[in-house]
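> kindly generate the corresponding structure for this input.
(3 chains)
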Amino acid sequence: METAAYVPAINLHGILPFISLLAGGMLCLAADAMSGKEGSRRILPVISFVALAAALVSFLLPGYPTGSFLENTFYSDSFSRLGCIVILVSAIATTLMGPRQVIRRNLPSGEYYTLIVFAALGMVLLALANEMLSAFVALEIMSLSLYVLTGIDRRSGKSAEASFKYFILGAFASAFFVFGSGFLFGSTRTTFLADAHNYFATRGGNMPEGAEMWAFIAFGLVFVGLCFKLSLAPFHMWAPDVYEGANTPTTLYIATGSKVAAFAFLIHFAHAFSSWQIFTAPVTFIVGLIAVASMTWGNIAAIVQSNLKRMLAYSSVAQTGYMMIAVMVLVALPSLQAAGNLNATTIANDTTLIYNAISLYLAGYTIISILAFGIAFHIGGEGSMAAYRGLFHRKPFAAVGMAIAMFSLSGLGFLPPTIGFIGKFYLFKEAVRFNMTGIAVIGILTSVIAAFYYLSLIVTMFMKAPDEENGIELAGRREERIAGLGGGDAIVRVMLATATALIFVLGLYPGLFTGLAAKAVTTKPMTTAMVKK
Amino acid sequence: MTSLLQPNLILATLLFTIGILGVMWKRNAIALFMSVELMLNAANLAFVSFAHELGIMSGGILVLFVMTVAAAEAGVGLAIFIALFRARRHIRVDEHDTLHG
Amino acid sequence: MFVVAVGFGVFSLVVSPFLGKMKPNPTKLEPYECGIPTVGTARSQIFVRFYLVALLFLLFDMEIVYIIVWALAMTYKANAAVPGFVLYSMIVMAIYMAILLIGLVYEWKKGALEWN
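Next up, the predicted model:
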């Protein structure tokens, strides 16, 4: 047996984002160790912003590789590339809110920015991962950073408690993930998803004894692990507590970045199994069940919440439920295509359309979340509803922005079309196109339920008179005033205005976003380029 | 020699189940964390026994990574427990209900 | 044989409390019958700083695992024969060490290695 170790060919552009994020994080750490408290508060936001922006630019450059790179460990297609862009946008938004948050709660700025950059590294790796071990390590880089970011406010018991709950359930989910990867390794003899895909395609019909059951167990366990990370319905119990207890920028980051990353990996993972004939029907059913549970339970529970961040947590459970519709369609796609005798171009075209729909939805969800959480952060008060009563009479711009976010999130804003509406529209359209009308109808019905609480927040902001005690400053604003940030800062305002503009611009021209990865090859020519034997 | 795969897998599954039950029933943070570690080690056992059975090295290498991650998790976890202890003076889980959902 | 051995062990353990005569007194009941008397309870509080030391030990401990695997791969003859392999491995280890070094500098500067 010739065991020739070799020097792998490294695609430099492919790993440029990783290098930039790793170097940025390290630089943050070193700079924090070298400079004092005030110095690091000034330098670190710049370093982390530059690192994140560099990573974003390298994804946007047209030469970004498609297909497998770094010895098949990572796979970039149009969807995961758009996912990475969305992740980095959310990381940048979190960084931009950083300086104010650090002043508000007197946070250690070194750890704060470093962990944002490292979490972004984990998310990007996870979104591109095409191998179970890399995915697991990426998942942990992301999760460990987020646990600490959640609990970084050491003066607040709430923050510590949220961090604790997130940690226990997150570690629980990771254990499911690893155990599942073990069974995948056992049944398909590989941890590479591309090879697993080929294995199922060639040997799916006659697998050895036990291997079939192991493969099902593997999918089930990894899927449960990812469901925890995505806070889908039966596994969402951590989400409201963590969203409420974490500081608002971190909440935004957990709600958008970590979800997009886990979702992108779920698509890669489900794709590996989709070539397995007997797998399609039961899994489509289970995914559909979870989608329905998330949509209904998330939207119904959101109605009774008295804290904005808790409400948005349940709302995000529901939004992830809508995303699962796309997973359902993608899992069922190969068998539908086999039944319909379609040719290869149509198959590629279908996949492209679904990828476009779901990446548009993710982008919409992220931008709207940036606006909603950004305004919640801007006016302070940690999400208590009292802060929003009669907000229009005190801060008209913030109230209008929040109203736009709520309209858009509910999917109602179709005149002019917002990105929230367009994303949902394409998603349901794809579901209907593949004869999944039932789940599309449930989606539309639950959106109508959701409209209730989104609109009731708007009513609270516009119709109610402000509370008596509005003279009292909301939590966090006093520290800002002392630090000379009385009216908030320009950066956050510009960020919120940009998000608002994007909601409408991308709503009118969704092609602007999906075109960012237009050059990417959208089919998945998975190869068995196994390097070792 | 008979294959040890099946007994090992049964043991791994048992350990994993004990871990799950521990996470659900235990009320002390450290005990919860030990249950999670038990689950990770069950996964390690599964990996090693599969790697041994199939004769593929990568399964064994994977275990090293899982162990490292478990160590990192232990680091972060204990730090979080200490922070929680400082804020609340105890780490009994069922009494942490300031945030309830 | 095995059954007999186990049976004898179990039998003698089970039977001896019933046959022997019990005359307990305070000195006999101490954990260490001969030696210094015990002080306090075993369930004492541990200083939080020990946790920090344990954590740092754990992390450095895991770093060694990778270095050993790397070193083993370096000594493997077939690997060393591949052109460029040694240089490549050295670069990889240099990057790894650089990352660890920055971590160490951070720990040092933040005072995690001091005992005050």
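
> what about the nearest residue to C:K109 once chain neighbours are set aside, how many residues nearby?
Nearest non-adjacent residue to C:K109, counting by Cβ to Cβ, 6 or more residues apart in numbering or on different chains: A:A33, 3.7 Å away. In short, each C-beta sits where N, CA and C put it, glycine included. Residues near A:A33, counting by other Cβ atoms under 10 Å in any protein chain shown, number 18.

> return the residues in contact with A:A33.
Contacts for A:A33 (Cβ atoms under 8 Å, 6 or more residues apart in numbering or on different chains) come out as A:G110, C:V105, C:Y106, C:W108, C:K109, C:K110.

> please redo it, this time with the cut-off set to 7 Å
For A:A33, the residues meeting the contact criterion (Cβ atoms under 7 Å, 6 or more residues apart in numbering or on different chains) are C:V105, C:Y106, C:K109, C:K110.

> A:I439 contacts A:A326, correct?
No: in this structure, A:I439 is not within contact of A:A326 by Cβ atoms under 7 Å, at 10.7 Å.

> before we move on, back to that, doesn't the residue nearest to C:K109 lie inside a helix?
Yes: judged by DSSP: H, G, I helix; E, B strand; the rest coil, A:A33 forms part of a helix.

> in the stretch 251-400 of chain A, what residue comes closest to chain B?
Here the residue of the stretch 251-400 of chain A nearest chain B is A:R310; by Cβ to the nearest Cβ that distance is 7.1 Å.

> quick check: closest non-adjacent residue to that residue.
In space, A:R310 is closest to A:P240, 4.6 Å off (Cβ to Cβ, 6+ apart).

> contacts for the helix or strand hosting that neighbour?
Element membership for A:P240 (DSSP states H and E) is helix A:238-245. The contact list for helix A:238-245 (Cβ under 7 Å, 6+ apart) reads A:150, A:158-159, A:161-162, A:165-166, A:169, A:231, A:251, A:254-255, A:307, A:309-310, A:312-314, A:316-317, A:383, B:99, B:101.

> let me see the contact set for the one residue sitting closest to the centre of chain B.
With distances taken as Cα atoms, centre = their mean, B:E37 lies nearest the centre of chain B, 2.2 Å away. Applying Cβ under 7 Å, 6+ apart, one finds that B:E37 lies in contact with B:A70.

> 8 Å instead, please
B:E37 neighbours (Cβ under 8 Å, 6+ apart): B:G19, B:A70, B:A74.

> what of A:L391?
Neighbouring residues of A:L391 by Cβ under 8 Å, 6+ apart: A:I379, A:A398, A:A399, A:M402, A:T460, A:M461, A:P466.

> now do the helices in chain C.
C:2-19, C:48-75, C:77-81, C:85-109 (DSSP state H).

> how about these, which one is nearest B:M57?
helix C:48-75 (10.9 Å; Cβ to Cβ).

> next, count neighbours for residue 66.
I'll assume chain A. 18.

> try again with chain B
23.

> that one and A:F136 touch, don't they?
Yes: in this structure, B:V66 is within contact of A:F136 by Cβ atoms under 8 Å, at 7.3 Å.

> and the residue of chain C found nearest chain A, how far is that from A:P99?
Closest to chain A within chain C is C:K109: 3.7 Å, counting by Cβ to the nearest Cβ. Distance, C:K109 to A:P99, by Cβ to Cβ, to the nearest Å: 22 Å.

> check B:L84 too.
According to Cβ to Cβ, B:L84 stands 27 Å off from A:P99.

> before we move on, what about C:V10?
As judged by Cβ to Cβ, C:V10 and A:P99 stand 70 Å apart.
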